[in-house]
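Peer 1: Need a 3D model of the sequence below.
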Amino acid sequence: MNKKVIIVGGVAGGATTAARLRRLDENAEIILFERGKYISYANCGLPYHVGDVIPSREDLLLQTPESLKSRFNIDVRIQQEVTFIDRANKTVSVKNLATSQESVESYDTLVLATGSSPIIPNIPGIRSKYIFSLWTVDDADHIRQYIRQNKISDAIIIGGGFIGIEMTENLRRLGITVSLVEMLNQVMAPFDFEMAQLIHKTLEENGVSLYLGNGVTSFTETDESILVNLSDGKQLTTRLVILSIGVKPNSELARSAGLALNARGGIVVDKILRTSDPDIFAVGDVIEVEDFISKDKTMIPLAGPANKQGRIAAGNIAGENDQYPGTQGSAIVKIFDVCAANTGANEKTLLKNGLTKGKDYEKLIILQNSHAGYYPGASPMAIKLLFSTDGNKIFGAQIIGKEGVDKRIDTIGTAIRLGGTIWDLKSLEFAYAPPFSSAKDPVNMAGFVAENILKSRVFFAEWDVVERHDPEKTILLDVREDAERRTYALSGALNIPLGQIRSRLSEIDKEKEIIIFCAMGVRAYNAARILMANGFQNVKVYPGGMRFFRAIHYK
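Peer 2: Numbering: from 1, shown residues only. So this is what the prediction gives:
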C-alpha cells in the first residue's frame, strides 16, 4: 500500500519536504495544505519587493500549486487551514478558508511546517490601521499599496532585527524618512555591542534616526496619523509604522494535539526531526533545534536551516536515517553599502553561558582590506573572532564591511561546522589575485593574530579602554605619522611614530600600562613587539586601530 503523507505549511520547510519526498518516492500520496494564497515564496525577498529592488511580485513566487502538481504530482491545496489533528485516528480536520467548508483527511505520516508569525505585543493602540507587519506576500502588497496611495514620506520601524533593518534600507530607497526604535541598546542582537556600533554609524550616515534603549509604551491615533509614545517620554508622529519585534512559532496546532513543546512554544523534535508522536515530523521555524556551538536547545528561525530540515525529514519519511546536526545561526544582512554577517556564538552568549575571557575563550578584532590595498577599491572590514584558549575550537565570528564579507564569514562558518581550529584558519589556502583578496587573506590574518594571542606575542585592549583608562596608570601611545594625526588626533596620547620608537624608549614609562594605536593595527603590533623585547611588561594593542576606534565612537 502506498504511503499517504500530509504536509501542513507550504513555504520553505513544507515545500522542500514535499518536493524531496516525491524525488525519493514516486508512489507516495502527498497532500500539502497551505492556509495562505501562496506556496514556496521567497519571504526573505519581501523587503526588497517593497523597496522596488524586486519590482515584480511574480519573481518571489518560486513554485505554484500548478507547478508542484505538474512537476512533482503533489496535491497542493491553498487557502485550506488544518484546524485539528486526531492522533488516535490519524486524521486532520481541514477548513477551506474560501468556502468555509470543513473536511477530514487521513494520513500515514504528518509533517508540520507551520512556520512562525510576527510578534504583536499587547501594547495599547497596536491594532491601528497605521501599523503593519511584513511576513507574507499579502503583507508586502498591502504596504506597497498603502505607501503609494497615501504618498507616505516618513515611517517608523519598531525593532532592529533583520527585517527591521532591511525595511529601513528599502523605505529609505523610496525616499521615505525613517526612524528606527529599538528597546535594546543596539540593533542586530546577534552582534556584540562594539560591532553593532558600526551598523549604527551606517544607518545614521544614511539618514536614519535611531532611538535605542527605548521601548514603545503605547500608540495613539490622531485624525490623520499615529503617535508612537516611547518609554523615555518622546513622541514620534507618522502615518506608517512597521512592526519588526520578532517572531513566534505557529505551534497552536501541535499544542492542541498534545505534542511536546518547549517553554517558547517550539515543537520538540529528535535528531531525525520526529516529534513526540512517531508518525508526525516537524521542520522550520516552528521547531526547537540544537545550537551547534553550545549544544543547548534554542529557536533559530532562518530559511537555510528550514530548507535543510525539510530535505532531512523527507529522507527519513522515505526510509533513510539522516540526522539534523544543529544550527549555528549563520546570517548576513545588507545595510545600504555595508554588509554585516555572523556565524556561531557572540561574546554576549559566551558570557551568559558562564565562559570567562582568558580562561575559557579569547577574542580578536582586526581590520583587514577586502582585497589588495594597492588595487583600486579596497575597503576595510572589521572581523571579530571568538575561540577557545587552546585554539582548538572556534566559537563564532562577526564581520562588517563593504566588500568580501560574505565569503569570509562563510569560510569561518564552514571551518566551525567541520570542527576547524584557529590553526586551520592559518593554513587555509585561498584563490588570490589583487582584485579579489590579499596574499594573506583576512581569514588567514585572523588565524595568525589568534596564534599570536595564544602564544602571548600580543595582548589586545578592550574596545572601550579610552573611556575607562586612568591617565595616572596608563599611557595611550599613538605610533602614526604626524600627517595622520593632523587628520584625527587622539586626545591625551603620547605621539611617537613607529620608526622612532627604538630611539625614544626613554620617553615611555615602563611602570605604566601602554595602549598602542595606529591606523589599522599592524604598526601598533610592531611597536608592541619592540616594547616587549625591550622589557616593557604591560603592553596592549588597540584592536582595529584608529579606524575602528573612530568608527565605533562616531558620535
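Peer 1: just the strands in the stretch 351-500 of the chain please.
Peer 2: Along the stretch 351-500 of the chain, the segments classed as strands by DSSP state E, counting those that start in this stretch run 361-369, 380-388, 394-401, 474-478, 494-495.
Peer 1: in the sheet, who's paired with Ala331?
Peer 2: In this entry, Ala331 is beta-bridged to Asn342, by DSSP bridges.
Peer 1: Just to check, it is in contact with Ile165?
Peer 2: No. Contact criterion CB atoms under 8 Å: Ala331 and Ile165 do not qualify, at 11.2 Å. No exception for glycine: its C-beta is placed from N, CA and C like everyone else's.
Peer 1: For the two, indicate the residue with more neighbours.
Peer 2: A count of neighbours by other CB atoms under 10 Å puts Ile165 above the other of Ala331 and Ile165, at 26 against 18.
Peer 1: how about the CA coordinates for the helix or strand where the more buried one lies, as CSV?
Peer 2: Using DSSP states H and E, Ile165 sits in helix 162-173. C-alpha atoms of helix 162-173 as CSV (Å, rounded to 0.1, in the frame of the first residue of the first chain):
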residue,chain,number,x,y,z
PHE,A,162,16.9,41.6,10.2
ILE,A,163,13.5,42.5,8.8
GLY,A,164,13.6,45.9,10.6
ILE,A,165,17.0,46.7,9.1
GLU,A,166,16.0,45.6,5.6
MET,A,167,12.8,47.5,5.7
THR,A,168,14.7,50.6,6.9
GLU,A,169,17.0,50.4,3.9
ASN,A,170,14.2,49.8,1.4
LEU,A,171,12.0,52.6,2.7
ARG,A,172,14.9,55.0,2.5
ARG,A,173,15.4,53.8,-1.1
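Peer 1: distance between it and the chain's centre?
Peer 2: Relative to the chain's own centre, helix 162-173 is displaced by 14 Å; criterion: CA atoms, centre = their mean, to the nearest Å.
Peer 1: quick one: contacts of it?
Peer 2: Applying CB atoms under 8 Å, 6 or more residues apart in numbering, the external contacts of helix 162-173 come out as 47-48, 50-53, 134, 155, 157-158, 178, 180, 182, 187-188, 199, 203, 206-208, 242, 244, 331, 333-336.
Peer 1: cool, stretch 372-382 as well?
Peer 2: The contact list for stretch 372-382 (CB under 8 Å, 6+ apart) reads 195, 198, 365-371, 399-405, 408, 434-435, 437-439, 442, 520, 544, 547-548, 551.
Peer 1: what's near enough to touch the spatially closest residue to Gly213 that is not a sequence neighbour?
Peer 2: Leaving aside its sequence neighbours, Gly213 sits nearest to Asn185 (CB to CB, 6 or more residues apart in numbering; 4.4 Å). Asn185 makes contact with Phe193, Leu212, Gly213, according to CB under 8 Å, 6+ apart.
Peer 1: Leu240 is in contact with Ala155, correct?
Peer 2: Yes. With contact defined as CB under 8 Å, Ala155 and Leu240 form a contacting pair (4.1 Å).
Peer 1: Which neighbours do those two have in common?
Peer 2: Ile176.
Peer 1: Am I right that Lys248 falls within a helix?
Peer 2: No. Assigned with DSSP: H, G, I helix; E, B strand; the rest coil, Lys248 falls outside any helix and is strand.
Peer 1: and the gap between it and Arg264?
Peer 2: Using CB to CB, to the nearest Å, Lys248 is found at 8 Å from Arg264.
Peer 1: Comparing the two, which residue is more hemmed in?
Peer 2: Comparing Lys248 with Arg264 by other CB under 10 Å, the one with more neighbours is Lys248, at 18 against 12.
Peer 1: so what's the more buried one closest to, chain neighbours aside?
Peer 2: In space, Lys248 comes closest to Ile119 once its chain neighbours are excluded; the distance is 5.3 Å by CB to CB, 6+ apart.
Peer 1: Run through the residues that contact the one you found.
Peer 2: When contacts are counted by CB under 8 Å, 6+ apart, Ile119 touches Leu243, Ile245, Gly246, Val247, Lys248.
Peer 1: make it 10 Å
Peer 2: Shown in contact with Ile119 (CB atoms under 10 Å, 6 or more residues apart in numbering): Ser133, Gly159, Leu243, Ser244, Ile245, Gly246, Val247, Lys248.
Peer 1: just Ile280 next, same as before
Peer 2: Taking CB under 10 Å, 6+ apart, we find Ile280 in contact with 6, 8, 85, 87, 90, 107, 109-112, 254, 257, 259, 267, 269, 274.
Peer 1: how about low-confidence regions in this structure?
Peer 2: Along the chain, segments meeting pLDDT under 70 span 1.
Peer 1: picking that back up, quick check: what element follows the helix holding Ile165 along the chain?
Peer 2: strand 177-182.
Peer 1: So what are the sheet partners of that following strand and their directions?
Peer 2: Going by DSSP bridges, the partners of strand 177-182 are strand 154-158 (parallel), strand 209-212 (parallel).
Peer 1: Between these, which one is closest to Glu320.
Peer 2: Nearest to Glu320 among the strands paired with strand 177-182 is strand 154-158; the distance by CB to CB comes to 43.3 Å.
Peer 1: Mind checking which of the contacts of Ile119 are buried?
Peer 2: Ser133, Gly159, Leu243, Ser244, Ile245, Val247, Lys248 (16 or more other CB atoms under 10 Å).
Peer 1: of these, closest to Ile516?
Peer 2: Closest approach between the buried ones among the contacts of Ile119 and Ile516, by CB to CB: Gly159, at 39.3 Å.
Peer 1: Now name the helix or strand holding the spatially closest residue to Cys518 that is not a sequence neighbour.
Peer 2: Distance criterion CB to CB, 6+ apart; nearest residue to Cys518, sequence neighbours excluded, is Ala524 at 4.2 Å. Under the criterion of DSSP H and E, Ala524 resides in helix 522-533.
Peer 1: Tell me the buried residues in that helix?
Peer 2: Going by neighbour count (16+ other CB under 10 Å), the buried part of helix 522-533 is Val522, Arg523, Ala524, Tyr525, Asn526, Ala527, Ala528, Ile530, Leu531, Met532.
Peer 1: picking that back up, where helices are concerned, which of the contacts of helix 162-173 count?
Peer 2: Residues of these located in helices (DSSP state H): Pro47, Tyr48, Val50, Ile199, Leu203.
Peer 1: quick one: which of the residues you listed has the most company?
Peer 2: Neighbour counts for those peak at Pro47, which has 27 neighbours (criterion: other CB under 10 Å).
Peer 1: Please, where are all the helices along the stretch 401-550 of the chain?
Peer 2: Assigned by DSSP state H, counting those that start in this stretch, the helices in the stretch 401-550 of the chain fall at 405-417, 422-427, 442-454, 465-468, 482-487, 522-533, 545-552.
Peer 1: Oops, could you answer that again for the stretch 51-200 of the chain instead?
Peer 2: So, for the stretch 51-200 of the chain - with DSSP H, counting those that start in this stretch - the helices run 65-72, 137-149, 162-173, 193-205.
Peer 1: Could you single out the most deeply buried of the ones you listed?
Peer 2: Among the helices of the stretch 51-200 of the chain, the stretch with the highest mean neighbour count (mean count of other CB atoms under 10 Å) is helix 162-173, at a mean of 23.
Peer 1: And the furthest pair within the ones in helices among the contacts of helix 162-173?
Peer 2: Based on CB to CB, the longest span within the ones in helices among the contacts of helix 162-173 runs between Val50 and Ile199 and measures 20.4 Å.
Peer 1: Now for Asp154: which residues touch it?
Peer 2: The contact partners of Asp154, taken as CB under 10 Å, 6+ apart, are Leu171, Ile176, Thr177, Val178, Ser179, Ser209, Ser225, Leu236, Thr237, Thr238, Arg239, Leu240.
Peer 1: now do 7 Å
Peer 2: Ile176, Thr177, Thr238 (CB atoms under 7 Å, 6 or more residues apart in numbering).
Peer 1: Now flag whichever of those is closest to Pro471.
Peer 2: Thr177 (42.4 Å).
Peer 1: Touching, that closest one and Ser153? I think so.
Peer 2: Yes. Using CB atoms under 7 Å, Thr177 is in contact with Ser153, at 6.4 Å.
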